[in-house]
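>>> Okay, structure incoming, though there's no sequence with it:
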Ligand code: DAK
């Protein structure tokens, strides 16, 4: 499938999606989000893909929603387009998404990054939610996901000033996993994605889902969910293979069954 604003490819078991509107720092217009969601869902349903890598370019992962496109929108036109329902589908992707980010990660770009499961950033990355400078505020999770990760006071500072933070600060606040030199961020992210792609797919899927619960439900409910997912894995062929391979001192061959 070819798209206008994204590039999709594959490296072994890893599906790779690159946001590709470099002339506007990968500003997220409606079309790019439609294409991104379509490709994420396609990869999610493709058995030959076990992890997804999402990236931009060295200068920008994404500098936010496309301001030129939003400038003439009004409440009713936004409501009727209901673009958030497309956006919400990103959080429903079952396969793990590793983000390789660099340069500007702003507004919707930061919200998109926070929908990913593991984030590798280059040293030149700047992360922020500058919507307040445009007279608005985040609408795709920027107040909620950011606060859950970095805590109230840091989220308040970022959201109320609109100023961005460095990759190192983001690392210190637990917003990203790794900071590496700009020449290495993509390779490092790909390495992580490949490592995840080697793991048993059903366990990967249930871990992603269960960790997600930890942020959304009370502990008791999360523990129940975890236990049921744990029991469920004992019905998988990969559980038998994983344990047998350990006992036979060989590498397990996981099939996702
Ligand atoms: N939208 C449109 N164009 C953008 C853009 C953006 N967000 N960011 C950059 N560009 C364009 C610039 O207009 C410029 O285009 P030309 O003038 O060359 O035609 C080109 O990219 C290069 O940008 P600059 O010349 O400005 O480059 P600088 O290095 O000087 O500055 C910058 C880089 C990132 C500091 C600056 O471009 C900037 O401040 N950009 C805006 C950042 C921002 O405010 N982002 C937040 C946008 S609000 C939703 C989901 C999410 C959202 C909304 C709705 N739905 C699902 C409905 C999220 C909202 C937002 O993200």
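Looks like it came in fine. Please read all numbers here as calculations on a predicted model, not as lab measurements. Residues are numbered from 1 along each chain as shown.

>>> Name the residue closest to the centre of this protein, please.
Central residue of the chain (CA atoms, centre = their mean): residue 116, 1.4 Å from the mean position.

>>> which non-adjacent residue is nearest residue 40?
residue 93 (5.1 Å; CB to CB, 6 or more residues apart in numbering). For the C-beta atoms, the positions are set from N, CA and C on the backbone; glycine is no exception.

>>> Give me the pLDDT for that neighbour.
The score at residue 93 is 98. That number is its pLDDT.

>>> Likewise for residue 81?
Taking residue 81 on its own, its pLDDT is 89.

>>> tell me the contacts of it?
By CB atoms under 8 Å, 6 or more residues apart in numbering, residue 81 lies in contact with residue 30.

>>> give me that answer again for 10 Å
Contacts for residue 81 (CB atoms under 10 Å, 6 or more residues apart in numbering) come out as 30, 73.

>>> With residue 146 instead?
Going by CB under 10 Å, 6+ apart, residue 146 touches 110-111, 114, 127-129, 138, 154-156, 158-159, 173, 175.

>>> Quick check on those residues: which are buried?
When neighbours are counted using 16 or more other CB atoms under 10 Å, the contacts of residue 146 contain these buried positions: 110-111, 114, 127-129, 138, 154-155, 158-159, 173, 175.

>>> Sort out for me which of these are in strands.
For the buried ones among the contacts of residue 146, membership in strands holds for 127-128, with DSSP state E as the criterion.

>>> What mean pLDDT does stretch 109-121 get?
98.

>>> Kindly check the end-to-end length of it for me.
End-to-end distance for stretch 109-121: 13 Å, by CA to CA, to the nearest Å.

>>> cool, and stretch 154-168?
With CA to CA as the measure, stretch 154-168 spans 14 Å from end to end.

>>> what's around the closest residue to the ligand within the stretch 101-250 of the chain, how many residues?
In the stretch 101-250 of the chain, the residue that lies nearest the ligand is residue 107 (2.3 Å; CB to the nearest ligand atom). Using other CB atoms under 10 Å, residue 107 has 27 other residues around it.

>>> Spit out the contact partners of it.
For residue 107, the contact set (CB under 10 Å, 6+ apart) comprises 27-28, 62-65, 67, 128-131, 133-134, 136, 138-140, 142, 162.

>>> same check, this time on residue 10
Residue 10 touches 16, 43, 46, 48-49, 53, counting by CB under 10 Å, 6+ apart.

>>> Confirm it sits in a strand?
Yes - membership of residue 10 in a strand is supported by DSSP: H, G, I helix; E, B strand; the rest coil.

>>> restrict the buried ones among the contacts of residue 146 to contacts with the ligand.
Subset of the buried ones among the contacts of residue 146 in contact with the ligand: residue 111, counting by CB under 6 Å from any ligand atom.

>>> Restricted to helices, list the buried ones among the contacts of residue 146.
110-111, 114, 154-155, 158-159 (DSSP state H).

>>> what ranges do the strands span in the chain?
Under DSSP E, the chain gives strands at 6-11, 14-19, 51-55, 60-62, 97-101, 104-106, 118-122, 126-128, 165-166, 178-180.

>>> and the angle from the fifth one to strand 51-55?
Here strand 97-101 points in a direction 20 degrees away from that of strand 51-55 (axes from the mean of the first three to the mean of the last three CA atoms, to 10 degrees).

>>> Show me what strand 97-101 packs onto, helices and strands only.
For strand 97-101, the packing partners by 3 or more CB pairs under 10 Å, 6 or more residues apart in numbering; DSSP states H and E come out as strand 14-19, helix 30-44, strand 51-55, strand 60-62, helix 108-114, strand 118-122, helix 185-197.

>>> Get me the contact residues on the stretch 51-200 of the chain for the ligand.
So far as CB under 6 Å from any ligand atom goes, the stretch 51-200 of the chain lies against the ligand at 63-68, 83-84, 87, 104, 106-108, 111, 130-131, 134, 139-140.
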